[in-house]
Structures are given as structure tokens and as C-alpha cells.
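In: for reference, the sequence and a predicted model appear below.
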Amino acid sequence: MAAETLTADRAASTFPIPQGGPAGMLTVHWGSYAVAANVEDGDIFEMHYLPDNATVHDGVLRADDLDTGTEVLDGDIGWAANESDAADPDGFLNGGVWLGDAVVGVKPEVMTSLRFNGVLKDGPKTFTAGGGKTMVQVEFNVAANSFTAGDLSVWTYFTNR
């Protein structure tokens, strides 16, 4: 099978994009997708759009344990190109192998929970004004060893004034 692009409901071109409020007001946009079949290298999950001139401060990916047993599932969080900014498929997170195991005192449930990092380690990431909306996406590099269906969600925290 060939790699494919799958779109969450909140990433549809017709879904309204939060524009934020007064200057400096933190806004969140999110998207979820029910992953029903094993992913493959190159599969992209479009999660949601950010408005023009958005400044990303943080974000998180949460997912069911999509790879049980000996995990090898590898996915990254980044963005697609807009009218001004180049694509960066792992700009927010080069996720490496997703471990779904519970961790006492950190993650008591069996799930994947990954914070944005990537370019944010140097401070917030601002997309170019006039560049248009920007798609936040998850791109997979390695399929699950032992796939289990489940949900995949991404939240992005941003300002845009």
C-alpha cells in the first residue's frame, strides 16, 4: 500500500480556525483521529490548522498505545508548508519510538503522551504574517510492530496578536 494523508474532522478546510482574543491571549486548537489500521512510513495525519501569524508556545500529542509489545512505532509532529513558511515534518517533535507503557508517577495509564519540543526549545515559533493558515500534522516513519486501533489527538497552544 502507498502512504496516504488522512484528515481529522477539525482539519477540514471548512472547519473554523480559532483566531484568538486580545493580544497575548493563549488559545488552543486541537484535532483527533480514530486510527483503525496500522500506519506505514510516510502516512500523514492532518490534525488542525493554525491561523495566519500564529505563535506556537506549546503543544501535546496523546494517543492510545497503538503499538503493543515490542514498540517500534515512530511518528513526528510538525507542519505543512503554507504560503510563506516551508514544511517541517518534525519541527515540533522528532518523536522517536512511541512507548505506550504506563510510567509510575508520570503516566499512570497505558498511552502515549508527548510534549512539543523541536524548535520550541529555543522559544516560541511564529509563522510568517500573510503566510496563510498552517496545518499541524503527525507524520509516521515506522509502522507499529503489533498494531492496536486507537485514538490520536494533538493540542496546540498559540497566540496570534
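Out: That came through fine.
In: model confidence for the residue lying farthest from the centre of the chain, exactly?
Out: Ranked by distance from the centre of the chain (C-alpha atoms, centre = their mean), the top residue is Pro22, with 25.4 Å. pLDDT recorded at Pro22 is 82.
In: from Lys125, how far out is Ala3?
Out: Note on Ala3: its distance to Lys125, by C-beta to C-beta, to the nearest Å, is 26 Å. For every residue, glycine as well, the C-beta is placed using N, CA and C.
In: higher neighbour count, those two?
Out: A direct count of neighbours by other C-beta atoms under 10 Å for Ala3 and Lys125 places Lys125 higher, at 21 against 12.
In: may I have stretch 32-39 as PDB, with CA atoms only?
Out: Only the C-alpha atoms of stretch 32-39 are listed here, as PDB (Å, rounded to 0.1, in the frame of the first residue of the first chain):
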ATOM      1  CA  SER A  32      -8.400  13.900  16.900                       C
ATOM      2  CA  TYR A  33      -8.400  10.900  14.600                       C
ATOM      3  CA  ALA A  34      -9.500   7.300  15.200                       C
ATOM      4  CA  VAL A  35      -6.600   5.200  13.800                       C
ATOM      5  CA  ALA A  36      -8.300   2.000  12.600                       C
ATOM      6  CA  ALA A  37      -5.400   0.400  10.600                       C
ATOM      7  CA  ASN A  38      -1.600   0.200  11.000                       C
ATOM      8  CA  VAL A  39       0.200   3.200   9.700                       C
END
